[in-house]
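# Any chance you could fold what I've pasted below:
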Amino acid sequence: MKKKGSLDFYLVLATVAVLFVISSICIYGMFYFKLAQIQHLAPAEKLAYMNRMNSVIAPFVIALILLLGICVPKRLLPAGWLNRFAVLLAALAGGVSLWFGVRAGLVLVLAASLMLQLVVLALAVGGSQVLHFEKSGYWVRLGSSLIHLGMILFVLDLFFYQHHSLHLILFWVTTGAVVLGMFFCFYSQSVVQLISSTRRD
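The predicted model follows:
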(Lines give C-alpha, C1' and ligand atoms only; values in the text may rest on other atoms or scores of the structure.)
Protein backbone atom coordinates (compact mmCIF):
# COMPACT_ATOMS: atom_id res chain seq x y z
CA MET A 1 0.00 0.00 0.00
CA LYS A 2 1.09 3.55 -0.67
CA LYS A 3 1.75 5.68 2.39
CA LYS A 4 -1.19 7.80 3.45
CA GLY A 5 -0.26 11.42 2.89
CA SER A 6 2.20 10.74 0.07
CA LEU A 7 1.75 12.34 -3.35
CA ASP A 8 1.25 8.93 -4.97
CA PHE A 9 -1.47 8.06 -2.45
CA TYR A 10 -3.51 11.16 -3.27
CA LEU A 11 -2.89 10.78 -7.01
CA VAL A 12 -4.21 7.21 -6.85
CA LEU A 13 -7.29 8.30 -4.89
CA ALA A 14 -7.99 11.17 -7.27
CA THR A 15 -7.50 8.98 -10.36
CA VAL A 16 -9.78 6.25 -9.02
CA ALA A 17 -12.45 8.80 -8.14
CA VAL A 18 -12.32 10.44 -11.58
CA LEU A 19 -12.38 7.09 -13.38
CA PHE A 20 -15.35 5.99 -11.24
CA VAL A 21 -17.29 9.13 -12.18
CA ILE A 22 -16.44 8.74 -15.88
CA SER A 23 -17.50 5.09 -15.81
CA SER A 24 -20.76 5.95 -14.02
CA ILE A 25 -21.61 8.65 -16.56
CA CYS A 26 -20.86 6.30 -19.46
CA ILE A 27 -22.99 3.48 -18.01
CA TYR A 28 -25.86 5.88 -17.26
CA GLY A 29 -25.59 7.37 -20.74
CA MET A 30 -25.72 3.97 -22.44
CA PHE A 31 -28.71 2.72 -20.44
CA TYR A 32 -30.61 6.01 -20.81
CA PHE A 33 -29.88 6.00 -24.56
CA LYS A 34 -31.40 2.51 -24.83
CA LEU A 35 -34.36 2.95 -22.44
CA ALA A 36 -35.34 6.36 -23.80
CA GLN A 37 -34.88 5.04 -27.35
CA ILE A 38 -32.77 8.03 -28.34
CA GLN A 39 -31.80 6.16 -31.50
CA HIS A 40 -35.34 6.62 -32.83
CA LEU A 41 -35.40 10.39 -32.31
CA ALA A 42 -34.69 12.97 -34.98
CA PRO A 43 -30.99 13.54 -35.80
CA ALA A 44 -31.07 17.00 -34.18
CA GLU A 45 -32.40 15.56 -30.92
CA LYS A 46 -29.83 12.76 -30.91
CA LEU A 47 -27.07 15.30 -31.50
CA ALA A 48 -28.40 17.46 -28.65
CA TYR A 49 -28.32 14.43 -26.33
CA MET A 50 -24.73 13.60 -27.33
CA ASN A 51 -23.63 17.20 -26.84
CA ARG A 52 -25.32 17.29 -23.42
CA MET A 53 -23.55 14.10 -22.30
CA ASN A 54 -20.23 15.40 -23.65
CA SER A 55 -20.68 18.58 -21.61
CA VAL A 56 -21.32 16.53 -18.45
CA ILE A 57 -18.29 14.26 -18.87
CA ALA A 58 -15.87 16.90 -20.22
CA PRO A 59 -14.69 18.29 -16.81
CA PHE A 60 -13.83 14.80 -15.58
CA VAL A 61 -11.94 13.94 -18.78
CA ILE A 62 -9.98 17.17 -18.37
CA ALA A 63 -9.26 16.25 -14.72
CA LEU A 64 -8.01 12.81 -15.81
CA ILE A 65 -5.74 14.36 -18.44
CA LEU A 66 -4.27 16.74 -15.85
CA LEU A 67 -3.72 13.86 -13.41
CA LEU A 68 -1.89 11.92 -16.11
CA GLY A 69 0.16 15.03 -16.82
CA ILE A 70 1.36 14.84 -13.19
CA CYS A 71 1.64 11.06 -12.76
CA VAL A 72 3.77 10.32 -15.81
CA PRO A 73 6.64 12.83 -15.45
CA LYS A 74 7.00 12.10 -11.72
CA ARG A 75 8.41 8.69 -12.69
CA LEU A 76 11.30 10.43 -14.43
CA LEU A 77 11.81 13.70 -12.61
CA PRO A 78 12.66 14.62 -9.01
CA ALA A 79 10.18 16.83 -7.15
CA GLY A 80 11.95 20.11 -7.99
CA TRP A 81 12.08 19.44 -11.72
CA LEU A 82 8.55 18.02 -11.65
CA ASN A 83 7.20 21.37 -10.46
CA ARG A 84 9.08 23.21 -13.21
CA PHE A 85 7.86 20.76 -15.82
CA ALA A 86 4.26 21.09 -14.62
CA VAL A 87 4.41 24.89 -14.84
CA LEU A 88 5.97 24.73 -18.32
CA LEU A 89 3.44 22.19 -19.59
CA ALA A 90 0.54 24.18 -18.10
CA ALA A 91 1.82 27.37 -19.77
CA LEU A 92 2.21 25.63 -23.14
CA ALA A 93 -1.21 23.99 -22.87
CA GLY A 94 -2.78 27.32 -21.87
CA GLY A 95 -1.17 29.11 -24.81
CA VAL A 96 -2.24 26.44 -27.28
CA SER A 97 -5.76 26.44 -25.81
CA LEU A 98 -6.08 30.21 -26.24
CA TRP A 99 -4.74 30.09 -29.80
CA PHE A 100 -6.18 26.82 -31.16
CA GLY A 101 -8.88 25.89 -28.65
CA VAL A 102 -9.16 23.82 -25.46
CA ARG A 103 -9.24 20.53 -27.40
CA ALA A 104 -5.80 21.25 -28.91
CA GLY A 105 -4.40 22.15 -25.48
CA LEU A 106 -5.64 18.87 -23.98
CA VAL A 107 -4.25 16.87 -26.90
CA LEU A 108 -0.89 18.59 -26.30
CA VAL A 109 -0.89 17.44 -22.65
CA LEU A 110 -1.83 13.92 -23.74
CA ALA A 111 0.84 13.86 -26.44
CA ALA A 112 3.51 14.99 -23.96
CA SER A 113 2.31 12.38 -21.44
CA LEU A 114 2.34 9.68 -24.12
CA MET A 115 5.91 10.45 -25.20
CA LEU A 116 7.13 10.52 -21.60
CA GLN A 117 5.28 7.30 -20.79
CA LEU A 118 6.89 5.53 -23.75
CA VAL A 119 10.27 6.60 -22.33
CA VAL A 120 9.21 5.32 -18.87
CA LEU A 121 8.07 2.02 -20.41
CA ALA A 122 11.33 1.59 -22.32
CA LEU A 123 13.36 2.27 -19.14
CA ALA A 124 11.12 -0.11 -17.15
CA VAL A 125 11.62 -2.87 -19.73
CA GLY A 126 15.37 -2.29 -19.50
CA GLY A 127 15.24 -2.52 -15.70
CA SER A 128 16.50 1.04 -15.18
CA GLN A 129 16.86 2.20 -11.57
CA VAL A 130 16.50 5.90 -12.38
CA LEU A 131 12.70 5.68 -12.35
CA HIS A 132 10.78 6.84 -9.28
CA PHE A 133 8.29 4.18 -8.17
CA GLU A 134 6.72 3.68 -4.75
CA LYS A 135 7.23 -0.09 -5.08
CA SER A 136 10.23 -2.07 -6.24
CA GLY A 137 10.23 -5.16 -8.39
CA TYR A 138 10.76 -5.46 -12.13
CA TRP A 139 7.32 -6.83 -13.03
CA VAL A 140 5.43 -4.43 -10.76
CA ARG A 141 7.18 -1.46 -12.36
CA LEU A 142 6.60 -2.83 -15.84
CA GLY A 143 2.95 -3.47 -15.03
CA SER A 144 2.45 0.03 -13.65
CA SER A 145 4.06 1.51 -16.78
CA LEU A 146 1.74 -0.50 -19.02
CA ILE A 147 -1.36 0.54 -17.04
CA HIS A 148 -0.44 4.22 -17.31
CA LEU A 149 0.21 3.81 -21.04
CA GLY A 150 -3.20 2.19 -21.43
CA MET A 151 -4.90 5.03 -19.53
CA ILE A 152 -3.27 7.67 -21.74
CA LEU A 153 -4.32 5.82 -24.90
CA PHE A 154 -7.83 5.38 -23.45
CA VAL A 155 -8.25 9.14 -23.02
CA LEU A 156 -6.59 9.81 -26.38
CA ASP A 157 -9.12 7.46 -27.97
CA LEU A 158 -11.92 9.76 -26.78
CA PHE A 159 -10.58 12.44 -29.12
CA PHE A 160 -10.31 10.13 -32.15
CA TYR A 161 -13.35 7.87 -31.81
CA GLN A 162 -14.77 9.22 -35.10
CA HIS A 163 -11.76 7.80 -36.97
CA HIS A 164 -12.89 4.18 -37.03
CA SER A 165 -9.58 2.49 -37.93
CA LEU A 166 -7.53 4.51 -35.44
CA HIS A 167 -10.23 4.02 -32.79
CA LEU A 168 -10.00 0.22 -33.11
CA ILE A 169 -6.20 0.25 -32.93
CA LEU A 170 -6.19 2.47 -29.83
CA PHE A 171 -8.95 0.39 -28.23
CA TRP A 172 -7.10 -2.92 -28.59
CA VAL A 173 -3.70 -1.50 -27.62
CA THR A 174 -5.34 0.11 -24.57
CA THR A 175 -7.07 -3.14 -23.60
CA GLY A 176 -3.89 -5.19 -24.03
CA ALA A 177 -1.71 -2.73 -22.10
CA VAL A 178 -4.11 -2.42 -19.15
CA VAL A 179 -4.87 -6.16 -18.87
CA LEU A 180 -1.20 -7.15 -19.17
CA GLY A 181 -0.19 -4.37 -16.76
CA MET A 182 -2.70 -5.51 -14.14
CA PHE A 183 -1.55 -9.10 -14.52
CA PHE A 184 2.09 -8.09 -13.97
CA CYS A 185 1.17 -5.90 -10.96
CA PHE A 186 -1.17 -8.32 -9.18
CA TYR A 187 0.62 -11.56 -10.05
CA SER A 188 4.26 -10.46 -10.17
CA GLN A 189 5.35 -13.33 -7.93
CA SER A 190 3.58 -15.85 -10.15
CA VAL A 191 5.29 -14.35 -13.22
CA VAL A 192 8.69 -14.66 -11.53
CA GLN A 193 7.98 -18.29 -10.55
CA LEU A 194 6.76 -19.12 -14.06
CA ILE A 195 9.87 -17.65 -15.67
CA SER A 196 12.14 -19.39 -13.15
CA SER A 197 10.48 -22.77 -13.77
CA THR A 198 10.67 -22.27 -17.54
CA ARG A 199 14.39 -21.51 -17.34
CA ARG A 200 15.00 -24.60 -15.20
CA ASP A 201 13.20 -26.77 -17.74
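
# So which bits of the strand or helix carrying residue 64 are buried?
Taking DSSP states H and E as the criterion, the element that holds residue 64 is helix 43-71. Residues of helix 43-71 classed as buried by neighbour count (16 or more other Cβ atoms under 10 Å): 49, 53, 57, 60-71. C-betas here are computed from N, CA, C, even on glycine.

# The closest residue to residue 56 other than its chain neighbours: how many residues sit nearby?
Among residues not flanking residue 56 along the chain, residue 25 sits closest, at 6.0 Å (Cβ to Cβ, 6 or more residues apart in numbering). Here the number of neighbours of residue 25 (other Cβ atoms under 10 Å) works out to 15.

# quick one: contacts for residue 25?
Residue 25 sits next to 53, 56-57, 60 when contact means Cβ atoms under 8 Å, 6 or more residues apart in numbering.

# Check residue 175 too.
Contacts of residue 175 were listed using Cβ under 8 Å, 6+ apart, and they are residue 150.

# what bits of the chain have low per-residue confidence?
The chain contains residues with pLDDT under 70 at 1-8, 79-80, 83, 134-135, 199-201.

# about what we covered before: for the contacts of residue 25, which one is nearest residue 108?
Closest approach to residue 108 among those (Cβ to Cβ): residue 60, at 19.1 Å.

# Please report how far the closest one lies from residue 54.
To residue 54, residue 60 is 11 Å away according to Cβ to Cβ, to the nearest Å.

# these two touch, right, residue 45 and residue 38?
Yes. Taking contacts as Cβ atoms under 8 Å, residue 45 lies within contact range of residue 38: 7.5 Å.
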